[in-house]
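A.B. asks: Quick one: sequence and predicted model below, then my questions.
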Amino acid sequence: MDHFLYRDGKLFAEDVPVSEIAAAVGTPFYCYSTATFERHFRLFDEALEGTEHLVCYAMKAASNQAILKTLAALGAGMDVVSGGEYARAKAAGVPGERIVFSGVGKTRDEIHAALTGGLRQFNVESEPEMAVINDVALELGVVAPITVRVNPDVDAKTHAKIATGKSENKFGIPISRAREVYAHAASLPGLKVIGIDVHIGSQLTQLEPFRLAYRKVAELTETLRADGHDIQRLDLGGGLGIPYERSNEAPPLPVEYGAMIKEELGHLGCEIEIEPGRLIAGNAGIMVSKVIYVKEGEDREFMIVDGAMNDLIRPAMYEAHHDIIPVVEPTPGEEPAAYDIVGPVCETGDTFAKSRTMAKVEAGDLIAFRSAGAYGAVMSSEYNTRPLIPEVLVNGDQFAVIRRRPTFDEMINRDTIPEWL
Ligand code: LLP
């Protein structure tokens, strides 16, 4: 459920007509709903009620300061994967003890920054990384809390580019080597082993792969405890999928996911951490775009819009589906049309949808890409020197620009000219 609904024939974001925002900020732009962010965070938080837990929002999904502050105010932790994300989380006021640091390639500088600024734990991805964390911790005279990310070799049954839990993927250490790696970690004086981490992929639409992975983690917990490790915390990663195509998808709900977690892991008495990104942010955002032209091709009609692959790359990169709806509600019974919906970028891949049936549009009409809140703005670029599009946050009947559109001069002036020119 989200808060982008038609009311009196117009698309609203909570209590604000989307067309009003478009008139104020211009198109294209991202528009987020505070109520949806809050609702989705609470669904996870409530799903784990009765178990000691922390929901660490995977801020890679959408990391605007205003979004982080909205979630932090509800008690969210953050899952960060870079020095930049760590700095963003801190800048939004998230206390170090609620920040988990994940990622396969943490640099010495990033490790240093997190150990100095404070963190909940590093999710360690390899032995060489473990050695560096130990080193930096000893240099600083602190002890770094860590989990080790294990790769359970489970098929997440999702798009290959976002599956992470198979042995051929670059993530974590093979679960078969876990005992050895934990023994090594325990011998390093700069580290304190506190738990186990696992994350098998993103946009999972079934519970089974999670269940298989978590079962392996439960077994490993017992084994490692028997080896003398104090396993108190299980970080179960993110990955629960969302319904991109409202017509035919119904991924499991957070409450079902939470129940499964308790079923598989409850007996261990561990603190549970989860790192959802997409489910919190995805349906909390839309991208609003304007139709520039409708062009007749030989055998198809092209809807050329002012948003492009640089603004929302998911269709080009993962063949992802986003529902696309007009901002003015179509009248029932109106004859629809089929469009190839494309952006202005000079690549054939700049295609959002092929032969998409929707209400007829004309130049100047506004359309909305649904489910664009996660991995939308954060993955955008300035390709074709197109400015990063604004982000707007709605809260009830108010809205605010939370990242404005840069001017061309601002973009150009980031370049510097060497003295020989
Ligand atoms: N934790 C870790 C360690 C991760 O690598 C990820 C996502 C998450 C949590 C959050 O997963 P989520 O709950 O959002 O599924 N750009 C792609 C998605 C990449 C996901 C990368 N890792 C997309 O647009 O579909």
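C.D. replies: That came through fine. Numbers count the residues shown, from 1 in each chain.
A.B. asks: The helix or strand hosting Glu46 near the ligand anywhere?
C.D. replies: For Glu46, the element it lies in under DSSP states H and E is helix 34-47. No. Helix 34-47 stays clear of the ligand (Cβ under 6 Å from any ligand atom), getting no nearer than 10.0 Å. Glycine gets a C-beta too; all of them are placed from N, C-alpha and C.
A.B. asks: other SSEs contacting the helix or strand encompassing Arg215?
C.D. replies: If you go by DSSP H and E, Arg215 is part of helix 208-226. Judged by 3 or more Cβ pairs under 8 Å, 6 or more residues apart in numbering; DSSP states H and E, helix 208-226 is in contact with strand 144-151, helix 178-186, strand 191-197, helix 254-265.
A.B. asks: who's in contact with the longest one?
C.D. replies: If I follow you right, that is helix 254-265. 40, 43-44, 46-51, 207, 210-211, 214-215, 217-218, 221, 234, 236, 240, 272, 274, 276, 279 (Cβ atoms under 8 Å, 6 or more residues apart in numbering).
A.B. asks: ok so, going back, okay if I get the helices and strands packed on helix 208-226 as JSON lines plus mean neighbour count, distance to the ligand and mean pLDDT?
C.D. replies: Below are those laid out as JSON lines (neighbours: other Cβ atoms under 10 Å; distance: least, Cβ to the nearest ligand atom, whole Å; pLDDT from 0 to 100):
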{"stretch": "strand 144-151", "mean neighbour count": "24", "distance to the ligand": "8", "mean pLDDT": "98"}
{"stretch": "helix 178-186", "mean neighbour count": "17", "distance to the ligand": "17", "mean pLDDT": "98"}
{"stretch": "strand 191-197", "mean neighbour count": "22", "distance to the ligand": "8", "mean pLDDT": "98"}
{"stretch": "helix 254-265", "mean neighbour count": "18", "distance to the ligand": "11", "mean pLDDT": "98"}
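A.B. asks: Could you break the protein into its assigned domains?
C.D. replies: 4-31+282-412, 34-280 (automatic domain parsing).
A.B. asks: most packed of those domains?
C.D. replies: A comparison of the domains of the chain by mean neighbour count, using mean count of other Cβ atoms under 10 Å, puts domain 34-280 on top with a mean of 19.
A.B. asks: thinking again about what came up before, ok, then the element right after the helix holding Arg215?
C.D. replies: strand 233-235.
A.B. asks: quick one: average confidence on that next one?
C.D. replies: The average pLDDT within strand 233-235 is 98.
A.B. asks: Do any residues in that strand lie close to the ligand?
C.D. replies: No. Strand 233-235 stays clear of the ligand (Cβ under 6 Å from any ligand atom), getting no nearer than 8.5 Å.
A.B. asks: My read is that Val154 contacts Lys166, right?
C.D. replies: Yes. With contact defined as Cβ atoms under 8 Å, Val154 reaches Lys166; the gap is 7.2 Å.
A.B. asks: on that earlier part again, export the domains of the chain to TSV and tack on distance to Leu421?
C.D. replies: Below are the domains of the chain laid out as TSV (distance: least, Cβ to Cβ, whole Å):
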stretch	distance to Leu421
domain 4-31+282-412	15
domain 34-280	30
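A.B. asks: So which bits of the stretch 151-300 of the chain are right by the ligand?
C.D. replies: Ile162, His199, Ser202, Gln203, Gly237, Gly238, Gly239, Glu275, Pro276, Gly277, Arg278, Leu279.
A.B. asks: ok, 8 Å please
C.D. replies: Listed as neighbours of the ligand in the stretch 151-300 of the chain under the rule Cβ under 8 Å from any ligand atom: 159, 161-162, 164, 171, 197, 199, 201-204, 237-241, 275-282.
A.B. asks: and these, which of them are in helices?
C.D. replies: Under the assignment DSSP state H, these contribute Arg278, Leu279, Ile280, Ala281 to helices.
A.B. asks: between those, which is nearest the ligand?
C.D. replies: Nearest to the ligand among these, counting by Cβ to the nearest ligand atom, is Arg278 at 3.4 Å.
A.B. asks: I figured the closest one was touching Met59, is that so?
C.D. replies: No. Counting by Cβ under 8 Å, Arg278 stays clear of Met59, with 11.8 Å between them.
A.B. asks: Point out where the protein drops to low pLDDT.
C.D. replies: 1 (pLDDT under 70).
A.B. asks: Longest strand in it, please.
C.D. replies: In the chain, with assignment by DSSP state E, the single longest strand is strand 285-296.
A.B. asks: Sheet partners, orientation included, of that one?
C.D. replies: strand 29-33 (antiparallel), strand 301-305 (antiparallel), strand 366-369 (antiparallel) (DSSP bridges).
A.B. asks: possible to save the ones you listed as a markdown table with distance to the ligand?
C.D. replies: Formatted as a markdown table, those follow (distance: least, Cβ to the nearest ligand atom, whole Å):
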| stretch | distance to the ligand |
| --- | --- |
| strand 29-33 | 14 |
| strand 301-305 | 20 |
| strand 366-369 | 13 |
